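Asker: pasting the sequence and the predicted coordinates here, then a few questions.
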Amino acid sequence: MTVVGLDDTDSRTRGMCTTYVAREIADALAEAGATVGGLLLVRLNPAIEHKTRGNAALAIHTDYDPGEAFELAGRQVEALSETDDPNTQPGLVVAPGDPSSVPDSVAEFARRALRDRLSPDEALELADTWGYFHRGWSGGRGRIGALAAVGADRAFSEWTSELIAYRERGRWGSSRDVDPDSVFEAAESEYPVVWDTVDRETGDTVCVPHTPGPVLYGIRGDDPRAVRRATERIESEPVADSALFTTNQGTDAHLQDGAVGSVGDGRAYRVEGAVSTPPQTRRGGHVFFEIRDGDDRLRCAAFEPTKRFRDRVRALREGDRITSCGEVSDETLKLEKFAVRELNRIERRNPRCPDCGRSMESAGHEQGYRCRDCSTSAERKDEIEVERDLDLGWYEVPPTARRHVAKPLVRGGFDGPVHPER
């Protein structure tokens, strides 16, 4: 067996898609007489600034000779990559052997590539250590992701599926013609096994991108058969070709357990703490609050693109105990989801006068409260149980704001009740 790994062939402004390059390589391998055993779409650390939208690396499993596969794949990468964009730095790594038998160090490199920041030098040293073929273009930073894709099969145990349909080349860069009603019908027909196809609240067809690249739409789900059935219901412009990928999308594989006082920028965490400041909506519609654990504090944010999720965040109160999940940047955790563990249902209010029913005023520091009209007094505030707009359990951003690797609540496996967004 041989594993072909590649990354960073696309451009934010010029288009292309590394999944398309991988499919072209797979087709070329098949035309050369090889068997292609599978295509892996591996999402890496979503906090890396060099990424295009989804930070995806690709792996192709084949029985072709490693050296010949390296030459064949290199020609495709060179021909299709958008290297006129100075931010595009393609990388190619080809490894002999079964994908499930890569060395421990390569599998660990793949796991770290989803949760940490790695250097090209480390990738090159590791590839050379194991005698892998590798090549980079325009700096070759993509060899980090390419090597991670080589190790992904052994590194990760949870996988989902995505079927990507591609446009005719002459249509690249033009508006996509996809019938939204058919997309919503397709999404409804296979939900919840197929997920994040649409946003039912906003009416957005989440599966249809807006970039100038070759992708027409991508359908994601737990079962490749359900994904295919959903795809067959979609009415659109002609589909030039399609490919089914095994992927770590929708798995939360990027999250690592952290503590309020020990998180770092450029990584994604799962952190527990108590809400210590009331949520505040600031300019631009972003919502901020803090959580604490002992003397340590961490700012959390729900940014404007998360839309209705911010209403869930605004419903939090000081004293609520939550688990916050998301990427940390500028010492702020950008919420992808959170779980309410305990709700503070008690509100402390100035006591009511038993005679007139009006609210008492403070009588001075540590002197309790009094009603000036009735001369009644009380030692402390009343504790009132209040209704809450939140329940215990997990809340998430809507499909329009979901990171590719983030796990939708509808997939299950969470440690509490779930309140999925559709």
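Answerer: Done, it's in. Numbers count the residues shown, from 1 in each chain.
Asker: how many residues are close by Glu122?
Answerer: 13 (other C-beta atoms under 10 Å). Every residue, glycine included, has its C-beta placed from N, CA and C.
Asker: touching, Arg167 and Pro214? I think so.
Answerer: Yes - Arg167 sits in contact with Pro214 when judged by C-beta atoms under 8 Å, with a separation of 5.5 Å.
Asker: what about stretch 372-380, distance to the chain center?
Answerer: The chain centroid and the centroid of stretch 372-380 are separated by 55 Å under C-alpha atoms, centre = their mean, to the nearest Å.
Asker: now swap in stretch 133-149 and tell me
Answerer: The chain centroid and the centroid of stretch 133-149 are separated by 23 Å under C-alpha atoms, centre = their mean.
Asker: just the terminal-to-terminal distance for that stretch.
Answerer: From the first residue to the last, stretch 133-149 extends over 14 Å; the measure is C-alpha to C-alpha, to the nearest Å.
Asker: and Ile322, what pLDDT?
Answerer: On pLDDT, Ile322 comes in at 98.
Asker: neighbours around the nearest residue to Thr376 once chain neighbours are set aside, how many?
Answerer: Spatial nearest neighbour of Thr376, excluding adjacent residues (C-beta to C-beta, 6 or more residues apart in numbering): Cys353 at 5.2 Å. Cys353 has 21 neighbours, counted by other C-beta under 10 Å.
Asker: can you tell me how far Cys353 is from Ile164?
Answerer: According to C-beta to C-beta, to the nearest Å, Cys353 and Ile164 sit 68 Å apart.
Asker: same deal with Thr13?
Answerer: If you measure Thr13 against Ile164 using C-beta to C-beta, the figure is 21 Å.
Asker: compare these two (neighbour count), which wins?
Answerer: Here Thr13 and Ile164 are compared on neighbour count by other C-beta under 10 Å; more neighbours surround Ile164, at 25 against 12.
Asker: mean confidence score for the one helix or strand Ala148 maps to?
Answerer: With elements taken from DSSP states H and E, the one containing Ala148 is helix 143-155. Confidence over helix 143-155 (mean pLDDT, whole number) is 97.
Asker: and stretch 346-364, end to end?
Answerer: Between the opening and closing residues of stretch 346-364 there is a gap of 24 Å (C-alpha to C-alpha).
Asker: packing partners of the helix holding Ala148?
Answerer: Applying 3 or more C-beta pairs under 8 Å, 6 or more residues apart in numbering; DSSP states H and E, one finds that helix 143-155 makes contact with strand 2-7, strand 36-43, strand 56-62, strand 91-96, helix 104-115, helix 120-129, strand 133-136.
Asker: repeat that for 7 Å
Answerer: Counting contacts by 3 or more C-beta pairs under 7 Å, 6 or more residues apart in numbering; DSSP states H and E, helix 143-155 is packed against strand 2-7, strand 36-43, strand 56-62, strand 91-96, helix 104-115, helix 120-129.
Asker: what's the closest of these to Cys325?
Answerer: For those, proximity to Cys325 was assessed by C-beta to C-beta; helix 104-115 is nearest, at 13.1 Å.
Asker: the inter-axis angle of the closest one versus strand 91-96?
Answerer: Compare the direction of helix 104-115 with that of strand 91-96 by axes from the mean of the first three to the mean of the last three C-alpha atoms, to 10 degrees and you get 150 degrees.
Asker: helix 104-115 to helix 143-155, inter-axis angle?
Answerer: Following the same axes, to 10 degrees, one obtains 110 degrees for the angle between helix 104-115 and helix 143-155.
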